[in-house]
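# Okay, sequence plus prediction incoming.
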Amino acid sequence: MIKVSDAILSILRENAFLEFGIHHQLFNQSQLARYLQPFVAARTHKEPSVSAISMALSRLTPTLSRNTPEPADYHLEKISITTGLCTATFMRSVNAHRALNRLQTDMHKNGNFCSVSEGMREITVIVEDRFENRLNSIVGERPVFSQANLTSVEIQFGDAYTGTPGMLYMLLQRVALQNINLIEITSTYSGITMYFARSDARIVFDTLLNSLSVNKATC
């Protein structure tokens with residue numbers, strides 16, 4: 001039979017928001033215990049009291065607080081901003097695929113920025129604003145979504161954290177806590193790039209720079 005403390009620990013470790021709140025002591029312990037009660041009951045197959053859960057939380061909190069990494073514990077290589085971008089998303093089709101492949105090849109040949117992300121149903125392209133008209137006309141179809149005046153924030157973390165669980169969540173969490181709308185996201189082996197409205201990019205950049213350990217000489 002699963003112990004109450006083991007069930008609570010498992011629930012908290014499987015929910016990044018709860019773990020974050022415990023680490024930063026954001027919760028009223030009694031209210032959290034009341035919230036967790038049905039979940040603990042389902043795992044332990046018994047009805048633990050709110051006071052029992054609250055007592056277990058008080059014992060577990062110091063351990064969870066110590067074991068949850070702070071954002072500053074991550075040492076990132078570089079954060080950079082690129083302005084003057086636009087995006088368009090098209091339904092995935094043979095014609096759209098061919099047209100956008102030609103566009104990407106031409107852009108790269110001339111040293112221009114072009115990012116293409118392909119899913120099972122859609123293809124999203126990001127280019128510089130000055131190519132917006134070309135992007136919207138090359139496929140010959142109306143995009144399902146398009147937006148200009150984008151800015152990207154690129155975070156390069158190198159290969160040190162590619163096997164670290166929660167790394168990308170921690171970066172996205174910094175943005176979510178500022179209630180910023182993330183329009184697009186792309187990633188590589190050692191970095192992640194987030195795209196925002198130009199008006200939101202500065203606060204994202206400053207939030208990441210001030211809360212993470214970054215070599216500021218490379219920003």
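Received it, and whenever you're ready, just let me know what you need. Residues are numbered from 1 along each chain as shown.
# Out of the helices and strands in this structure, which is least certain?
Least confident helix or strand, the chain: strand 213-214 with a mean of 67, by mean pLDDT, DSSP states H and E.
# And the most centrally placed residue in the chain, which helix or strand is it part of?
When the chain is reduced to its mean C-alpha position, the closest residue under C-alpha atoms, centre = their mean turns out to be L172, at 2.8 Å. Following DSSP states H and E, one finds L172 within helix 167-176.
# Can you name the residues in contact with that helix?
By C-beta atoms under 8 Å, 6 or more residues apart in numbering, the residues outside helix 167-176 that reach it are 16, 20, 69, 71, 74, 155, 157, 161, 182, 187, 192, 194, 204, 207-208, 211-212. (Glycine included, C-beta is placed from N, CA and C.)
# Show me how far that helix is from its chain's centre.
Taking the mean C-alpha point of helix 167-176 and that of its whole chain, the gap between them comes to 4 Å (C-alpha atoms, centre = their mean, to the nearest Å).
# remind me which residues of this protein are low pLDDT?
Per-residue confidence of the chain (counting by pLDDT under 70) places the weak regions at 65-74, 165, 213-219.
# can you map out the strands along it?
The residue ranges that make up the strands of the chain, judged by DSSP state E, are 75-76, 78-91, 114-118, 122-128, 145-156, 184-188, 191-197, 213-214.
# Can I get those strands in TSV including distance to I2 and mean neighbour count?
Putting those into TSV (distance: least, C-beta to C-beta, whole Å; neighbours: other C-beta atoms under 10 Å) gives the following:
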stretch	distance to I2	mean neighbour count
strand 75-76	37	18
strand 78-91	43	18
strand 114-118	42	16
strand 122-128	43	21
strand 145-156	39	18
strand 184-188	36	14
strand 191-197	36	19
strand 213-214	38	17
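# now those strands in JSON lines, with distance to S49?
What follows is the strands of the chain, written out as JSON lines (distance: least, C-beta to C-beta, whole Å):
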{"stretch": "strand 75-76", "distance to S49": "44"}
{"stretch": "strand 78-91", "distance to S49": "47"}
{"stretch": "strand 114-118", "distance to S49": "50"}
{"stretch": "strand 122-128", "distance to S49": "50"}
{"stretch": "strand 145-156", "distance to S49": "45"}
{"stretch": "strand 184-188", "distance to S49": "43"}
{"stretch": "strand 191-197", "distance to S49": "44"}
{"stretch": "strand 213-214", "distance to S49": "42"}
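# who touches L12 in this structure?
Neighbour list for L12: L18, E19, I22, L60, L64 [criterion: C-beta under 8 Å, 6+ apart].
# can you do 10 Å?
18-23, 32, 36, 57, 60-61, 64, 68 (C-beta atoms under 10 Å, 6 or more residues apart in numbering).
# Can you spell out the domain ranges of the chain, please?
If you go by automatic domain parsing, the domain ranges for the chain are 4-66, 75-218.
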